[in-house]
Structure formats: structure tokens, C-alpha cells
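Trainee: Need coordinates for the following:
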Amino acid sequence: PEGATHWSTRTLAAHLGTNATAVARIWRAHGLKPHRVKTFKLSNDPHFIEKLEDIVGLYLDPPEHALVLCCDEKTQIQALDRTQPGLPLKRGRGKTMTHDYKRNGVTTLFAALNMLTGQVLSMTDQLHRHQEWLRFLKTIDRMTPKNKSLHLIVDNYATHKHPEVRAWLARHPRFHMHFTPTSASWLNMVERFFRDITDNGIRRGAFSSVAELEAAINEYIAAHNAQPKPFIWTAKAADILAKVTRARAALNKITSN
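Mentor: Predicted coordinates for the structure are as follows:
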């Protein structure tokens, strides 16, 4: 429609000279949802297939005598405090909170999700340079059984490939790094945990300081680890690749017209 990005039932009904209920019924019958949009990005990594098969292989057939750890940093977690107190949940009314807030600093959550157990090793720090990443690797080394090989799934963030990090890894051969394809964070199962802690432990909180925020994060992770649930991966690499191929074909068809 003119001046808008998509139709609503009311604007289309007015344009067609009918009613919104009829438009909604037709959309529902054909599975059309113009008001919704999903985000995506196809990886242009030249080694996409190789990396995909490597990581999915770890998920579906993890090696014996080894731990598969999905690792990443959740950066720029803001310690937000509300400008006024909200009202608690009660019958007939949801909890309320002010739309505005006061910023009290940020922190970064470093997390390593154990694929088989669902438990999370973690560390928080207000910085996320290669020094902090290296400190987290040392934490993983200290807190995991020495007789286990460690297969870490990580993204392509520059700190993960810093020369000092590479040198440390060379001296600790039980660490095996598996890099996700570029623009493919969905392959790293720790992202699911980040979604959960954001929705259930951070977003609706009020934090007067970074220390208070970090305490809340640590409390959430402790509760999670007390009753962990494995994050189960079921999709095969061939099925994922087929979907990516179809998506590329559809995009190429649109862009070529």
C-alpha cells in the first residue's frame, strides 16, 4: 500500500471495499501473515559445507572420552535500572515496569555449554578482549576432567584467533577448536542458552550496578546447572544443506528478475 510496508486486514479491507473479518479469514485459509517477518542471513563462507558437516557431526556423533563445549561471549549486557518501581503481577493485571531506564554499566558473559549434560561453565567480565577469552579458556581447562579431550565450538570473533590464544592452545593439545561458518551463529547451541537467560533472567530485571547484574547472572546459571537439560540437536547436515540450497535458489530467482 502507498506509504506503508505491508497491508493490515483493515487497510486492505478499505482498499478492496470489504470488511477486515473477511480479509482475515482469507489470509488464514491461505496461511498468509503479512504483519510478520523473519530475519535470516545466508553464510557466504567458502568453507560452509565443511564447517557445517564438522559441527553437526560433533552434535550427532560426539567423540568418546571427550567433551563437546559450545562456547561464546554474550557482550554488552546492560545493567538497567528502572526510573520508578513497577506494580507486581496480580489477578487481571500483568506486572508493570517503566518504559525508561537508567544505564549502570555493561558486562560480558562468557559461557561454555556442555552439549551432553546441558550444564554451563561461565565467567563474567566488563571487558571482552583476547585476554579475557584466554582467561576463560584457562577456566575451562581448570574445571574439566584432565583425561578428557575438549572440542570447543566457537564463532569467528577476532579474539578467538588472536596469536596469544593460538600459542596457548598449541601448548594445550587437548583443546580442539571448531569454528562455525561466518554468519551462522545458529549452529552454536550456546545461543539457545543465551536466549533463555535473556528472556528469563535479564530482560525483566532491574539492576542498580554491574555487580548486581553479574550476581543475577551467576544465580540464574547456578539454578540452571542444578537441574540441567541437554540441548539436543536433531537436524542432519544434508537436510540443512538442502534448505540452504533452496533458499539460495529462491533468492537468486528474485534477484534475477
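
Trainee: Can you tell me who Leu152 pairs with across the strands?
Mentor: Leu69, Met177 (DSSP bridges).

Trainee: if I pick it, what's in contact with it?
Mentor: Leu152 makes contacts with 69, 71, 112, 140, 175-178, as judged by C-beta atoms under 8 Å, 6 or more residues apart in numbering. C-beta: built from backbone N, CA, C; applies to glycine.

Trainee: same thing with Ser43?
Mentor: Ser43 neighbours (C-beta under 8 Å, 6+ apart): 181-184, 244.

Trainee: mind running it again at 6 Å?
Mentor: Contact analysis of Ser43 by C-beta atoms under 6 Å, 6 or more residues apart in numbering lists 181-184.

Trainee: likewise Ala24?
Mentor: Ala24 neighbours (C-beta under 6 Å, 6+ apart): Thr9.

Trainee: Using the three-state scheme, assign it.
Mentor: helix (DSSP: H, G, I helix; E, B strand; the rest coil).

Trainee: what's the neighbour count on the residue lying closest to Met115 once chain neighbours are set aside?
Mentor: The shortest distance from Met115 to any non-neighbouring residue, by C-beta to C-beta, 6 or more residues apart in numbering, is to Val68 (4.3 Å). Neighbourhood size, Val68 [other C-beta atoms under 10 Å]: 21.

Trainee: and what of the one 5 residues further on?
Mentor: Applying the criterion other C-beta under 10 Å, we find 23 residues in the vicinity of Glu73.

Trainee: Over to Gln78?
Mentor: Neighbours around Gln78, by other C-beta under 10 Å: 15.

Trainee: Okay, and it sits in which element?
Mentor: strand 66-82 (DSSP states H and E).

Trainee: how about that strand: buried residues?
Mentor: In terms of neighbour count (16 or more other C-beta atoms under 10 Å), strand 66-82 has its buried residues at 67-74, 77, 79-82.

Trainee: Against which helices or strands is it packed?
Mentor: The contact analysis (3 or more C-beta pairs under 6 Å, 6 or more residues apart in numbering; DSSP states H and E) places strand 66-82 against strand 101-114, strand 149-154, helix 190-197.

Trainee: With distance to Gln131 added, can I get the ones you listed in JSON lines?
Mentor: Below are the helices and strands packed on strand 66-82 laid out as JSON lines (distance: least, C-beta to C-beta, whole Å):
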{"stretch": "strand 101-114", "distance to Gln131": "12"}
{"stretch": "strand 149-154", "distance to Gln131": "16"}
{"stretch": "helix 190-197", "distance to Gln131": "21"}
